[in-house]
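S.K.: Give me coordinates for this.
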Amino acid sequence: MTRPLRVGNASGFYGDRFDAVRDMLTDGPLDVLTGDYLAELTMLILGRSRLKDPKRGYAATFLRQLEENLGLAHERGVKIVANAGGLNPAGLADAVRELADRTGVPVRVAHVEGDGRPVPEGCLTANAYLGGAGIAACLRAGADVVVTGRVTDAALVTGPAAAHFGWGPDAHDALAGAVVAGHVLECGTQATGGNYAFFREHDVRRPGFPLAEIHEDGSSVITKHDGTGGVVDVGTVTAQLLYETGGARYAGPDVTARLDTVRLTRDGPDRVRIGGVRGEAPPPTLKVGLNRLGGWRNEVVFVLTGLDIEAKARLVREQFTDALGRGGPAPADVRWELARTDRADAGTEETASALLRLVVRDPDPDAVGRAVSGAAVELALGSYPGFHVTAPPGKGAPYGVFEAAHVPVAEVEHIAVLPDGTREAIPSAGPYRDLEEVAEPALPDPLPAGSTRTVPLGHVAGARSGDKGGDANVGVWVRTDEAWRWLAHELTVARFGELLPETAGLVVVRHVLPGLRALNFVVHGLLGEGVAAQARFDPQAKALGEWLRSRHVPVPVQLLDRPEVHA
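M.R.: Next up is the predicted model:
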C-alpha cells in the first residue's frame, strides 16, 4: 500500500497571506504545497495586465513568494503546484527557472498549457478549465515546481494524487475523493475557521492553512499543522464543501464527484475524515470562462445624517436626476440603494447617518464620467442639510463581465510541458457521462409539533455563500440529526424567498444533501453580470448566508434549550 500523500494549501486567492508559503513549509511535514491564485475576477485583472505588457499575465506575487522560499521547499523535498500561471504559464515557468538559476536552487520546472481558447470578439480572455492530468504528467516526469494556467481549483490536488498513487482516468471513486479534498483546501483558511458561521466558539484570529492527508482509495483527512491557529472540525469542512457548489453532482474535467455520498467524521483534534465519496465519468464538455469589458461605471455614496432620512434621499435623487437630464442622455443603468445604517438619538455622528449609494453604468465612459461627478459636486451647497459624500466623485472606471460557455473536450489541447522541454499531449479522460439531476432524496421525518420560539435562524444553523458568474449559492447546514429533521422541512424554496426578499422573481433551486445535514440553494441571476460588474452592494454574495442566518424564524424550543452536539 502506497503511503498517504500530505498536500497543503498556501493561497486561496490572488492577494492571500504572503507569508503562508513559509509557514506551511516550516510548521510541519508536507509532500506537496499548492496555491490557488485564480478566480473569475482575477482572470480579468490578468487580462488587463497583459494588455499593458504581453510578457506578464501571471500572478507576480507567487514569484516573489518563491524568491523567499524556493530553497526551503527544495531542502524539505516539497513539490510546489500552483495555478499562478494565469494567462501566461510558460512565461511564469521561465521566470521560475531564471530565479532558480540566480539563487542556485537546483529545481526542475514544468508547466501546463492549452487552456487558452480563441478569444471571441469583444472578449478579453477565454480559458477552458483543465483537469489534473497535465499536472500529474509533469510530476511523474520529475518536476519539482509545476505552474498552470486555468485549471479547476481541485485539479491542484487531483494531479499530485494521481501521480503519487498511479490512478488512471477511470479511477472515478478515488479521483472524486481527491476532488472533494481539493475543494476543501482550495480557499485556504475557510477550511480552518476563517469566515465561519460559528466563529465565536473558536480562536480564529489567525487560522493556519489547511492540509489533506490523502489515501490510496481517495479518502482523506483534513487537518492543519500542529500549533497553528484556527480549527478544523466537521462544521468548518461542511461549510467549505457547500461553498460555490450546487447539486449532488459536482462536475469537473477529471470526474464528477457525488456530493451526496460524502461522509464526514471526527478523527481527533483538528482532524476530519472524508470518506465514502463516489465518482462518475466526467461530462463530455469543458467549462470555458469568458471575460469581457462590459462598459464603464461610476459610484457616489451620499451621507444622510439625523432626521428625515427618507425625505433627504428623495430630494437628492430628484435633484441628481434633473441635473443629469439637463446635461445630456442619462447613463444606461442607474441604480440607487438606501442603506439605513442610522440610529435614533445616536451617540456619534457616524451612527446617526445612513448611506445612499448611486451606481451608474454605460458603454460610453463620458456618460458616467464628468457628467455624473459634476452633477454630484454641483449639489454640494444646494441640497439636503448636512450634504456630504464618502469620497470625491471620480471619472468612472471600466468594469468586467464574466460568462461561462462549454466546448467539447476533444476541441481543447491539454499539454504538459515537462522539465526537459518535452511537450506531452494529455489524452482525453473518456468515456464521458452527460450530467443529469439526481432525484431528490427522501426527507427525514419532521419533528413532532410543539412549542417554538422566534429567534434568528443562525441560532441553530450555519451558512456559507458565494458566487458563480451571475448566480449565487447559499449552503445551510445544522449539526444534529434532530435539527436536520426541522431544517429540511422548514427551509423550503418558498420560505427562503420570504426570508430573502431580494431573491423574489428569481429562479431559486434547492438541493438536499442529507449526508451533510445540509441544503444548498442556487439563486440564478442575483449577481447580474458577475462580480466584476459590481451590481450589488455585496457583489460576490459573500454575506448572503449571514443575512439569511439573521432572519427570524419559529424554531422548536427543544432545539434551543440544550447545546448543539458537535459531530
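
S.K.: Restricting to C-alpha, output stretch 107-127 in CSV.
M.R.: The C-alpha atoms that make up stretch 107-127 are tabulated as CSV, following Å, rounded to 0.1, in the frame of the first residue of the first chain:
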residue,chain,number,x,y,z
VAL,A,107,14.8,22.6,-9.1
ARG,A,108,13.1,21.2,-12.2
VAL,A,109,10.3,23.3,-13.5
ALA,A,110,7.3,22.3,-15.7
HIS,A,111,4.1,23.9,-16.7
VAL,A,112,0.7,23.0,-18.2
GLU,A,113,-0.9,24.9,-21.0
GLY,A,114,-3.6,24.6,-23.6
ASP,A,115,-6.4,26.2,-21.6
GLY,A,116,-6.3,29.3,-23.7
ARG,A,117,-9.1,29.4,-26.3
PRO,A,118,-9.7,31.6,-29.3
VAL,A,119,-10.9,34.9,-27.8
PRO,A,120,-14.3,35.9,-29.2
GLU,A,121,-14.8,39.4,-30.5
GLY,A,122,-15.4,41.8,-27.6
CYS,A,123,-13.8,39.5,-25.0
LEU,A,124,-10.5,40.0,-23.2
THR,A,125,-9.9,36.4,-22.1
ALA,A,126,-11.2,32.9,-22.9
ASN,A,127,-9.9,29.9,-21.0
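
S.K.: which of the residues in it are buried?
M.R.: For stretch 107-127, the buried set under the neighbour-count rule, 16 or more other Cβ atoms under 10 Å, comprises 107-117, 123-127. C-betas here are computed from N, CA, C, even on glycine.

S.K.: from the residues you listed, which single one is nearest R140?
M.R.: Closest approach between these and R140, by Cβ to Cβ: A110, at 10.1 Å.

S.K.: contacting residues around the closest one?
M.R.: The contact partners of A110, taken as Cβ atoms under 8 Å, 6 or more residues apart in numbering, are A93, C138, A141, A143, V145, V146, V147, A416, V417, L418, P419.

S.K.: So of those, which two are at opposite extremes in space?
M.R.: A141 and V147 (14.4 Å).

S.K.: When those two are compared, which one has more neighbours?
M.R.: V147 (35 against 18; other Cβ atoms under 10 Å).

S.K.: Bridged to that one, which residues?
M.R.: A82, H111 (DSSP bridges).

S.K.: Could you check how far it is from L5?
M.R.: As judged by Cβ to Cβ, to the nearest Å, V147 and L5 stand 20 Å apart.

S.K.: wait, is V512 part of a strand?
M.R.: Yes - counting by DSSP: H, G, I helix; E, B strand; the rest coil, V512 falls inside a strand.

S.K.: Next, count neighbours for it.
M.R.: Using other Cβ under 10 Å: V512 sits among 17 other residues.

S.K.: Distance check, it against T236.
M.R.: Distance of V512 to T236, given as Cβ to Cβ: 22 Å.

S.K.: Same question for V407.
M.R.: 36 Å.

S.K.: how about D445, what does it touch?
M.R.: By Cβ under 8 Å, 6+ apart, the neighbours of D445 are R485.

S.K.: Relative to E482, how far out is it?
M.R.: From D445 to E482 the distance is 11 Å (Cβ to Cβ).

S.K.: Kindly report the same for L559.
M.R.: 7 Å.

S.K.: What ranges in this protein fall below the confidence cut-off?
M.R.: 530-535, 562-567 (pLDDT under 70).

S.K.: buried stuff in the longest helix anywhere in it?
M.R.: Ordering each helix of the chain by length in residues (DSSP state H) puts helix 309-327 first. By neighbour count on 16+ other Cβ under 10 Å, the buried set for helix 309-327 is I309, K312, A313, L315, V316, R317, Q319, F320, A323, L324.

S.K.: okay, the residues you listed in TSV with distance to L526 next?
M.R.: Formatted as TSV, the buried residues of helix 309-327 follow (distance: Cβ to Cβ, whole Å):
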residue	distance to L526
I309	27
K312	29
A313	24
L315	30
V316	27
R317	24
Q319	31
F320	26
A323	31
L324	27
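
S.K.: what two of the residues you listed are the furthest from one another?
M.R.: I309 and L324, at 22.6 Å, using Cβ to Cβ across these.

S.K.: Summarise which helices and strands the longest strand seen in the chain is packed against.
M.R.: The single longest strand within the chain, with elements called by DSSP state E, is strand 285-305. The contact analysis (3 or more Cβ pairs under 8 Å, 6 or more residues apart in numbering; DSSP states H and E) places strand 285-305 against helix 40-52, strand 123-128, helix 309-327, strand 353-362, helix 365-368, helix 370-378, strand 388-389, strand 397-408.

S.K.: can you list the residues that contact the second one?
M.R.: The list of residues contacting strand 123-128 from outside it, by Cβ under 8 Å, 6+ apart, reads 43-44, 46-48, 51, 87, 114-120, 149-150, 286-293, 400, 407, 412.

S.K.: Return a PyMOL selection command for the buried portion of those residues.
M.R.: Only the buried entries of the contacts of strand 123-128 go into this PyMOL selection, using 16+ other Cβ under 10 Å:
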select buried, resi 43+44+46+47+87+114+115+116+117+149+150+286+287+288+289+290+291+292+293+400+412
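
S.K.: Can you tell me how far G462 is from A483?
M.R.: 11 Å.

S.K.: One more: E490?
M.R.: For E490, the distance to A483 - Cβ to Cβ - is 10 Å.

S.K.: So which of those two has more stuff around it?
M.R.: Legend: neighbour count by other Cβ under 10 Å for E490 and A483, higher for A483 (22 against 19).

S.K.: Give me the distance between the longest helix of the chain and the centre of its chain.
M.R.: 37 Å (Cα atoms, centre = their mean, to the nearest Å).

S.K.: Next: stretch 505-519.
M.R.: With Cα atoms, centre = their mean, you get 18 Å for stretch 505-519.

S.K.: mind listing what's buried in it?
M.R.: Neighbour-count burial for stretch 505-519 [16+ other Cβ under 10 Å]: V508, R510, H511, V512, L513, G515, L516, R517, A518, L519.

S.K.: so, if you compare the residues you listed, which one comes nearest to P363?
M.R.: Taking Cβ to Cβ as the measure, V508 is the one of the buried residues of stretch 505-519 closest to P363, at 30.9 Å.

S.K.: quick one: contacts for the closest one?
M.R.: V493, F496, G497, F521, V522, V523, H524.

S.K.: Tabulate the helices and strands packed on strand 285-305 (CSV), appending distance to V262.
M.R.: As requested, these are exported to CSV (distance: least, Cβ to Cβ, whole Å):
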stretch, distance to V262
helix 40-52, 25
strand 123-128, 27
helix 309-327, 47
strand 353-362, 39
helix 365-368, 46
helix 370-378, 49
strand 388-389, 48
strand 397-408, 25
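
S.K.: among these, which is nearest T228?
M.R.: helix 40-52 (26.1 Å).

S.K.: packing partners for that closest one?
M.R.: Partner elements for helix 40-52 (3+ Cβ pairs under 8 Å, 6+ apart): strand 123-128, strand 285-305, strand 397-408.

S.K.: before we move on, back to that, which among the contacts of A110 end up buried?
M.R.: A93, C138, A141, A143, V145, V146, V147, A416, V417, L418, P419.

S.K.: Strands - which of the residues you listed land there?
M.R.: Among the buried ones among the contacts of A110, the members falling in strands (DSSP E) are V145, V146, V147, A416, V417.

S.K.: my read: the first one touches V107, true?
M.R.: Spelled out, that is V145. Yes - assessed by Cβ atoms under 8 Å, V145 is found in contact with V107 at 5.6 Å.

S.K.: quick revisit: just put the helices and strands packed on helix 40-52 in CSV and tack on distance to A82.
M.R.: Listed next are those as CSV, based on distance: least, Cβ to Cβ, whole Å:
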stretch, distance to A82
strand 123-128, 16
strand 285-305, 18
strand 397-408, 22
